[in-house]
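# have a look; sequence and predicted model below, questions after that.
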Amino acid sequence: MDLYFAPLACSMATRMACYEGEVEVRFIQVDTRTKRLADGSDYLPINGLGQVPVLRTDDGELLRENTVVLPYVAAQSDTLRALHEQRRLEIAQWLSFIGSELHKLVFTPLLDHSSNDGARDFARAKAVSRFDHLNAHLEKRDHLIGPFSVADPYLTVVLNWSGFTGIDLDRWPAVAAYLARMKQRPAIARAMREEVALFQDQQRRSSR
Ligand SMILES: N[C@@H](CCC(=O)N[C@@H](CS)C(=O)NCC(=O)O)C(=O)O
């Protein structure tokens, strides 16, 4: 299968999930600003919103949305499949929380170039109750749901953006400790190392 991704974007969660679950995947880099692939071709026929991730399955089906792509990866993995089947609803619940309450509500207004001060203040105000909720949950756990599930890489990627957006995770010690723990997992560290290098390369090319 093929993953359409952009470096350090939410699609990195799928890279992490594939490495964790030993699922084979090829990567196709998307420039989400120009909506073009590296060969210059148009990305919009793949996803009309121009967003990543998109996963093209080996049957040629195009899967969009993290809440669909990540469970699909879990179902392909010999190590992640059992938990995915046993705890399907909890995983769906956390993927939805991460996608709607953290990614879109808090981080998109802080990261998007077309945002403004009002949107950023709104996002920072909303962040407090969301991070309080997450912190209370993580105080008693190493992962979101018992062992590692595909909700963990999505949360890791989103929390990683706190460094770029002025959200100080030290205010939520269990969340900060969770992120530090996740970054030590070999599959997560590998995905982050690779995407940091790709991100820096993209920055160098666009500043020329
Ligand atoms: N609801 C979508 C959100 C995906 C999304 O926001 N992707 C961002 C990167 S983290 C993106 O592609 N942004 C470019 C754009 O919106 O033009 C999902 O869960 O897959």
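Nice, thanks for sending it over. A quick note: this is a predicted structure, and the numbers were derived from the prediction, not measured.
# tell me where this protein has helices.
Here the chain has its helices, by DSSP state H, at 12-21, 66-76, 81-86, 88-96, 108-111, 117-138, 151-160, 162-165, 173-184, 186-206.
# could you dump those helices to TSV with distance to the ligand, mean neighbour count and mean pLDDT?
All C-beta atoms are positioned from the backbone trio N, CA, C, and that covers glycine. TSV is the format used below for the helices of the chain (distance: least, Cβ to the nearest ligand atom, whole Å; neighbours: other Cβ atoms under 10 Å; pLDDT from 0 to 100):
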stretch	distance to the ligand	mean neighbour count	mean pLDDT
helix 12-21	9	26	98
helix 66-76	4	22	98
helix 81-86	18	15	96
helix 88-96	9	17	98
helix 108-111	7	17	98
helix 117-138	14	15	98
helix 151-160	8	25	98
helix 162-165	12	15	94
helix 173-184	17	17	98
helix 186-206	12	15	95
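# does Ala151 touch Arg87 like I think?
No. Proximity of Ala151 to Arg87 does not meet the contact threshold set by Cβ atoms under 8 Å, at 9.5 Å.
# list residues touching both of those two?
Ile145 (Cβ atoms under 8 Å, 6 or more residues apart in numbering).
# tell me the spacing between Tyr154 and Tyr4.
16 Å (Cβ to Cβ, to the nearest Å).
# repeat that for Trp172.
In terms of Cβ to Cβ, Trp172 sits 32 Å off from Tyr4.
# give me the distance between the residue nearest to Glu20 when sequence neighbours are not counted and Ala17.
In space, and not counting its chain neighbours, Glu20 is closest to Ala187: 4.3 Å by Cβ to Cβ, 6 or more residues apart in numbering. Between Ala187 and Ala17 the distance is 9 Å, computed by Cβ to Cβ.
# Trp172: neighbour count?
When neighbours are defined as other Cβ atoms under 10 Å, Trp172 has 25 of them.
# pull the contacting residues for it.
Here Trp172 is in contact with 131-132, 134-135 (Cβ under 8 Å, 6+ apart).
# show me which of the residues you listed is closest to Tyr72.
Nearest to Tyr72 among those: Leu134, at 24.6 Å, using Cβ to Cβ.
# distance of the closest residue to the closest one other than its chain neighbours from Leu110?
Once flanking residues are discounted, Leu134 sits nearest to Val175: 5.6 Å by Cβ to Cβ, 6+ apart. Taking Cβ to Cβ as the measure, Val175 falls 16 Å from Leu110.
# just the buried positions in stretch 39-59, please.
43, 46-47, 50-56 (16 or more other Cβ atoms under 10 Å).
# among these, which are within reach of the ligand?
50-53 (Cβ under 6 Å from any ligand atom).
# what is the most widely separated pair among the residues you listed?
Those two in those that are separated most widely, counting by Cβ to Cβ, are Gly50 and Pro53, at 12.2 Å.
# ok, and the closest non-adjacent residue to Glu101?
Nearest to Glu101 is Arg130, by Cβ to Cβ, 6+ apart, at 5.0 Å.
# so what's that neighbour up against?
101-102, 105-106.
# change it to 7 Å
101-102, 106 (Cβ atoms under 7 Å, 6 or more residues apart in numbering).
# again, but for Tyr72
55, 63.
# buried set for the longest strand anywhere in the chain?
For the chain, the longest strand by residue count, based on DSSP state E, is strand 26-31. Neighbour counts over strand 26-31 (16+ other Cβ under 10 Å) mark 28-31 as buried.
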